[in-house]
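Enquirer: A predicted structure for the sequence below; I have some questions about it.
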Amino acid sequence: MSKIIFKTAEEITLIRQSAQLVAKSLGEIAKIIKPGVKTIELDKLAEAYIRDNGGVPAFLNFHGFPYSLCISPNDQVVHGFPGQQELKDGDIISVDCGVVLNGFYGDSAYTFAVGEVSEEAKTLLRVTQECLAKGIEKAVVGMRTGDIGFAVQEHAEKHGFGVVKELVGHGVGVKLHEKPEVPNYGKRGSGAKLEEGMVIAIEPMINAGKAGVKFWKDGWTVSTVDGKPSAHFEHTVAVHKGKAEILSSFEFVEEVLAKNKNI
């Protein structure tokens, strides 16, 4: 059984650099997300941007995954394949991105609204992002992974949404997926104890309807069991005393979205 890999302050600085390149890549993608754009175009843009900035796409060829991004529209939860599918007005689209830079991994995801989306979709996006924030609040020394999961689950279910249980967050940094697992559900005071030097990816996957999911025959794509939309937001986070340090960022995405809104 693999052990938790604790990071030094210097290593956390390097992980931050990787996570910031992920953040900037998501910001580049935000610039071209609109109806009519093919999802494969987002993938190609991200790969070129990551490589131009000295990084390597972490997902490409990871256990055979054939793309640089996981792109999951509407009822797809995670691990969707980019392709010839064109974005449509009213879609929501989860984009998950990972980068290796200077030997360290960063990981983050953002779910975008395409054009004008339904009120239900807007609420789902808002609540899922709030779930992420509530989970991060618990990512401090002395808490446990169950405290993170409880905070996420409580907030999602309060709004009548389903919490995906088959897929979880994880340690990250030296490898893309490390111990401990970080579920989006759980009991307070349960799970791995959080300690200084841990770096984890917290990533609520929240369904508008039932919590259940189905796995596709492609071996990767996961979608909701009832066909209702799902949202996914993720940050790479360093555990400290008192307050977690968010190493990734939505700042670049939000700058683009704010600019687009004002055009």
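Expert: Received, thanks. Predicted model only: the values in this text are computed from it and were never measured.
Enquirer: only C-alpha atoms for contact and neighbour calcs from this point on.
Expert: OK.
Enquirer: Was I right to think residue 210 contacts residue 229?
Expert: No - counting by C-alpha atoms under 8 Å, residue 210 stays clear of residue 229, with 10.0 Å between them.
Enquirer: Neighbour count: these two, which is higher?
Expert: Using other C-alpha atoms under 10 Å as the criterion, residue 210 and residue 229 rank with residue 229 on top: 22 against 18.
Enquirer: Neighbours of the closest residue in space to that one that isn't next to it in sequence, how many?
Expert: In space, and not counting its chain neighbours, residue 229 is closest to residue 75: 4.0 Å by C-alpha to C-alpha, 6 or more residues apart in numbering. Number of residues near residue 75 (other C-alpha under 10 Å) recorded here: 24.
Enquirer: and residue 214, backbone torsions?
Expert: Main-chain torsions, residue 214, degrees, to the nearest 10: phi -130, psi 150.
Enquirer: Out of the helices and strands in this structure, which is least certain?
Expert: helix 251-262 (a mean of 91; mean pLDDT, DSSP states H and E).
Enquirer: so what does that helix touch, helix or strand wise?
Expert: Judged by 3 or more C-alpha pairs under 8 Å, 6 or more residues apart in numbering; DSSP states H and E, helix 251-262 is in contact with helix 9-30.
Enquirer: buried residues in the helix it packs on?
Expert: 11-12, 14-30 (16 or more other C-alpha atoms under 10 Å).
Enquirer: Which elements pack onto that helix?
Expert: Helices and strands touching helix 9-30, by 3+ C-alpha pairs under 8 Å, 6+ apart, are helix 39-52, strand 92-101, strand 104-113, helix 251-262.
Enquirer: In TSV, list the ones you listed along with distance to residue 158 and mean neighbour count.
Expert: Shown next, in TSV, are those (distance: least, C-alpha to C-alpha, whole Å; neighbours: other C-alpha atoms under 10 Å):
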stretch	distance to residue 158	mean neighbour count
helix 39-52	33	19
strand 92-101	22	27
strand 104-113	21	26
helix 251-262	26	13
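Enquirer: Need these in CSV (columns: distance to residue 153).
Expert: Formatted as CSV, the helices and strands packed on helix 9-30 follow (distance: least, C-alpha to C-alpha, whole Å):
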stretch, distance to residue 153
helix 39-52, 30
strand 92-101, 19
strand 104-113, 18
helix 251-262, 25
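Enquirer: can you map out the helices along the stretch 101-250 of the chain?
Expert: Secondary structure of the stretch 101-250 of the chain (DSSP state H, counting those that start in this stretch): helices at 119-137, 145-158.
Enquirer: can you list these in a markdown table and add mean pLDDT, distance to residue 107 and mean neighbour count?
Expert: As requested, those are exported to a markdown table (pLDDT from 0 to 100; distance: least, C-alpha to C-alpha, whole Å; neighbours: other C-alpha atoms under 10 Å):
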| stretch | mean pLDDT | distance to residue 107 | mean neighbour count |
| --- | --- | --- | --- |
| helix 119-137 | 98 | 14 | 20 |
| helix 145-158 | 98 | 18 | 24 |
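Enquirer: Of those helices, which is nearest residue 53?
Expert: Across the helices of the stretch 101-250 of the chain, the minimum distance to residue 53, taken as C-alpha to C-alpha, is reached by helix 119-137, at 27.7 Å.
Enquirer: what about dumping the CA coordinates of that closest one to PDB?
Expert: What follows is helix 119-137, C-alpha atoms only, in PDB (Å, rounded to 0.1, in the frame of the first residue of the first chain):
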ATOM      1  CA  GLU A 119     -31.600  28.400 -14.100                       C
ATOM      2  CA  GLU A 120     -31.100  24.800 -12.900                       C
ATOM      3  CA  ALA A 121     -27.700  24.700 -14.600                       C
ATOM      4  CA  LYS A 122     -26.700  28.100 -13.100                       C
ATOM      5  CA  THR A 123     -27.600  26.900  -9.600                       C
ATOM      6  CA  LEU A 124     -25.700  23.600 -10.100                       C
ATOM      7  CA  LEU A 125     -22.600  25.500 -11.100                       C
ATOM      8  CA  ARG A 126     -22.800  27.900  -8.200                       C
ATOM      9  CA  VAL A 127     -23.500  25.200  -5.600                       C
ATOM     10  CA  THR A 128     -20.700  23.000  -6.900                       C
ATOM     11  CA  GLN A 129     -18.200  25.800  -6.700                       C
ATOM     12  CA  GLU A 130     -19.500  26.600  -3.200                       C
ATOM     13  CA  CYS A 131     -19.000  22.900  -2.300                       C
ATOM     14  CA  LEU A 132     -15.400  23.200  -3.400                       C
ATOM     15  CA  ALA A 133     -14.900  26.300  -1.200                       C
ATOM     16  CA  LYS A 134     -16.500  24.500   1.800                       C
ATOM     17  CA  GLY A 135     -14.200  21.500   1.300                       C
ATOM     18  CA  ILE A 136     -11.100  23.700   1.100                       C
ATOM     19  CA  GLU A 137     -12.100  25.400   4.400                       C
END
